[in-house]
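> sequence first, predicted coordinates after that:
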Amino acid sequence: MPEFLNALATATPPYELPQDLVERNARRILGPRFAQFERMAASFKTSGVEKRYSFAPIEWFDTPKNWQDRNSVYLLEGEKLFETVVTKALAKAELLAREVDIVVTVSSTGIATPTFEALSAAKLGFREDIQRIPVFGLGCAGGVTGLRIAQQMARANPGDKVLLVVLEACTLSFRSDRLSKADIVATILFGDGAAAAVISSKPGNTNEITMGTGSEHMWPDTLNIMGWDVDESGLGVIFDRSIPAFALEHMKSATDHALKTAGLNQNELSRFVFHPGGAKVVEALEEALELQTGALDSERTVLRDYGNMSAPTALFVLQDMLENKRNGSMMMGALGPGFTASFLPLDIAA
């Protein structure tokens with residue numbers, strides 16, 4: 001029997017940061033200290049990002065922060081956003097929190113121990129015997145891989161209601177001390193957000209979304225392409241400039257293998273659902289998969305309105321498609337640390 005995506009919801013933190021405001025503040029903070037800033041600053045306008053949302057107001061970024069400063073905001077604001085997005089997803093699924101049997105929490109931008117599903121359990125009303133599965137370290141692939149984990153839990157426990165929550169606070173990793181190109185790119189792209197989904201072995205009350213056989217592909221000798229450096233000041237982003245070129249060269253074969261695993265071929269798909277890491281990555285994916293230029297329109301819409309939120313971003317793209325009544329056979333995909341591509345096919349009934 002297939003597994004079903006019964007409900008999907010997204011949420012953002014309260015602080016909206018327009019791209020021009022972020023650029024002005026970055027120029028003021030980083031410009032005097034980073035010789036290549038002005039050369040890279042043109043990317044603020046070509047990145048495809050017009051705004052993003054943050055756990056902290058723009059003034060918070062004016063002064064240097066240490067690990068405790070960043071993680072304190074992650075914990076305080078993350079718990080609030082966790083509760084908001086879970087409440088929205090459960091309402092869409094017409095479920096009470098006490099009806100949830102398993103919760104999978106995906107996050108790689110802070111440390112919460114106990115994790116958010118435990119911190120929020122009493123307020124939300126989870127049962128005492130709920131099964132908790134926190135997942136750390138998946139980065140941008142976390143939304144797609146998280147769905148696969150939730151799907152596999154639903155398959156192993158027929159009849160159980162599985163809640164997936166994917167939450168990231170990328171903006172809190174802003175660094176004014178390292179002055180690397182990757183940190184400038186992160187400042188241009190990063191946003192914060194959360195998504196939650198309900199998965200089970202029974203169809204939901206709204207659109208019938210069936211989940212197929214997913215897969216992953218990890219390339220050897222690619223550990224330095226994406227991830228975090230960790231020091232006393234916090235998390236420092238690792239973004240290799242080769243990511244768009246890597247996607248252009250390698251995503252076709254990985255996607256073909258994922259389609260074969262799922263029993264599909266590309267001409268049967270109505271749509272891909274990709275994590276839009278940045279404008280150049282979206283362009284590379286279209287070229288690699290021989291898609292019409294502009295085919296990944298929902299990806300560009302989400303990048304424009306929310307930035308790169310890491311793991312939740314692919315789920316925001318799927319939400320955009322659902323809101324625009326897209327249907328048919330689709331393949332979700334995302335690239336993340338490892339360096340890994342994660343895939344999951346979906347079939348959305350008309």
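Great, that's in hand. Numbers count the residues shown, from 1 in each chain.
> can you list the strands that the worst-scoring helix or strand of the chain on mean pLDDT pairs with?
In the chain, no helix or strand scores lower on mean pLDDT, DSSP states H and E than strand 234-239, which sits at a mean of 82. Strand 234-239 has its sheet partners listed here by DSSP bridges as strand 226-231 (antiparallel).
> could you export the partner strand as CSV, CA atoms only?
Extracted in CSV, the C-alpha atoms of strand 226-231 (Å, rounded to 0.1, in the frame of the first residue of the first chain):
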residue,chain,number,x,y,z
MET,A,226,28.7,22.0,1.6
GLY,A,227,28.3,21.9,5.4
TRP,A,228,29.2,23.8,8.5
ASP,A,229,32.5,24.8,10.2
VAL,A,230,32.0,25.0,13.9
ASP,A,231,34.0,27.2,16.3
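> so which bits of it are buried?
Neighbour counts over strand 226-231 (16 or more other CB atoms under 10 Å) mark Met226, Gly227, Trp228 as buried. Any C-beta I mention is one placed from the backbone N, CA and C, and that applies to glycine too.
> just name the closest of these to Ser270, please.
Proximity of these to Ser270 (CB to CB) peaks at Met226, which lies at 29.2 Å.
> can you give me the helices for the stretch 51-200 of the chain?
Secondary structure of the stretch 51-200 of the chain (DSSP state H, counting those that start in this stretch): helices located at 67-93, 116-119, 121-124, 142-156, 181-189.
> all strands for this protein, in order.
Under the criterion DSSP state E, the chain contains strands at 3-11, 15-18, 51-54, 102-106, 131-135, 162-169, 192-200, 209-211, 215-218, 226-231, 234-239, 271-274, 328-336, 340-348.
> can you tell me what sits against the second one?
Right, strand 15-18. Glu50, Lys51, Arg52, Tyr53, Ser54, Phe55, Ala56, Pro57, Ile58, Thr171, Gly191 (CB atoms under 8 Å, 6 or more residues apart in numbering).
> now stretch 259-274
212-215, 255-256, 282, 285, 289, 291, 295-296, 298-299, 314, 317-318, 321, 326-334, 343, 345-346.
> what sits closest to Ala196 if chain neighbours are left out?
Ala89 (3.7 Å; CB to CB, 6 or more residues apart in numbering).
> what does Ser47 give?
Closest to Ser47 by CB to CB, 6+ apart is Ile188, at 5.0 Å.
> what's that neighbour in contact with, if anything?
So Ile188 contacts Val22, Met40, Ser43, Phe44, Ser47, Val49 (CB under 8 Å, 6+ apart).
> go with 10 Å
Applying CB atoms under 10 Å, 6 or more residues apart in numbering to Ile188 gives the contacts 19, 22-23, 26, 40-49, 52, 278, 307-308.
> what do you get for Arg127?
Contacts of Arg127 (CB under 10 Å, 6+ apart): Leu96, Ala97, Arg98, Glu99, Val100, Asp101, Ala121.
> returning to that earlier point: how about the contacts of strand 15-18 in JSON lines, adding distance to Pro32 and neighbour count?
Listed next are the contacts of strand 15-18 as JSON lines, based on distance: CB to CB, whole Å; neighbours: other CB atoms under 10 Å:
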{"residue": "Glu50", "distance to Pro32": "26", "neighbour count": "14"}
{"residue": "Lys51", "distance to Pro32": "26", "neighbour count": "16"}
{"residue": "Arg52", "distance to Pro32": "24", "neighbour count": "28"}
{"residue": "Tyr53", "distance to Pro32": "28", "neighbour count": "20"}
{"residue": "Ser54", "distance to Pro32": "23", "neighbour count": "27"}
{"residue": "Phe55", "distance to Pro32": "26", "neighbour count": "26"}
{"residue": "Ala56", "distance to Pro32": "22", "neighbour count": "22"}
{"residue": "Pro57", "distance to Pro32": "22", "neighbour count": "12"}
{"residue": "Ile58", "distance to Pro32": "18", "neighbour count": "16"}
{"residue": "Thr171", "distance to Pro32": "22", "neighbour count": "28"}
{"residue": "Gly191", "distance to Pro32": "25", "neighbour count": "29"}
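> apart from its chain neighbours, what residue comes closest to the residue most central in space within the chain?
Residue closest to the average C-alpha location in the chain (CA atoms, centre = their mean): Ala311, at 2.0 Å. Distance criterion CB to CB, 6+ apart; nearest residue to Ala311, sequence neighbours excluded, is Gly142 at 3.0 Å.
> surely Ile58 is in contact with Asn25?
Yes. Contact status for Ile58 versus Asn25: in contact at 5.9 Å, counting by CB atoms under 10 Å.
> any of the contacts of Ile188 buried? List them.
19, 22-23, 26, 40-41, 43-44, 47-49, 52, 278, 307-308.
> circling back to that earlier point, which of the contacts of stretch 259-274 count as buried?
Neighbour counting by 16+ other CB under 10 Å classes 212, 214-215, 255, 282, 285, 289, 295-296, 298-299, 314, 317-318, 321, 326-327, 329-334, 343, 345-346 among the contacts of stretch 259-274 as buried.
> OK, contacts around Val22?
Counting by CB under 10 Å, 6+ apart, Val22 has contacts 44, 49, 51-52, 54, 58, 61, 171, 174, 187-188, 190-191, 307.
> could you dump these into JSON lines with pLDDT and distance to Gly236 added?
Below are the contacts of Val22 laid out as JSON lines (pLDDT from 0 to 100; distance: CB to CB, whole Å):
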{"residue": "Phe44", "pLDDT": "93", "distance to Gly236": "20"}
{"residue": "Val49", "pLDDT": "96", "distance to Gly236": "21"}
{"residue": "Lys51", "pLDDT": "97", "distance to Gly236": "24"}
{"residue": "Arg52", "pLDDT": "97", "distance to Gly236": "19"}
{"residue": "Ser54", "pLDDT": "98", "distance to Gly236": "18"}
{"residue": "Ile58", "pLDDT": "97", "distance to Gly236": "21"}
{"residue": "Phe61", "pLDDT": "95", "distance to Gly236": "15"}
{"residue": "Thr171", "pLDDT": "97", "distance to Gly236": "14"}
{"residue": "Phe174", "pLDDT": "92", "distance to Gly236": "10"}
{"residue": "Thr187", "pLDDT": "91", "distance to Gly236": "12"}
{"residue": "Ile188", "pLDDT": "93", "distance to Gly236": "16"}
{"residue": "Phe190", "pLDDT": "95", "distance to Gly236": "13"}
{"residue": "Gly191", "pLDDT": "97", "distance to Gly236": "18"}
{"residue": "Gly307", "pLDDT": "97", "distance to Gly236": "18"}
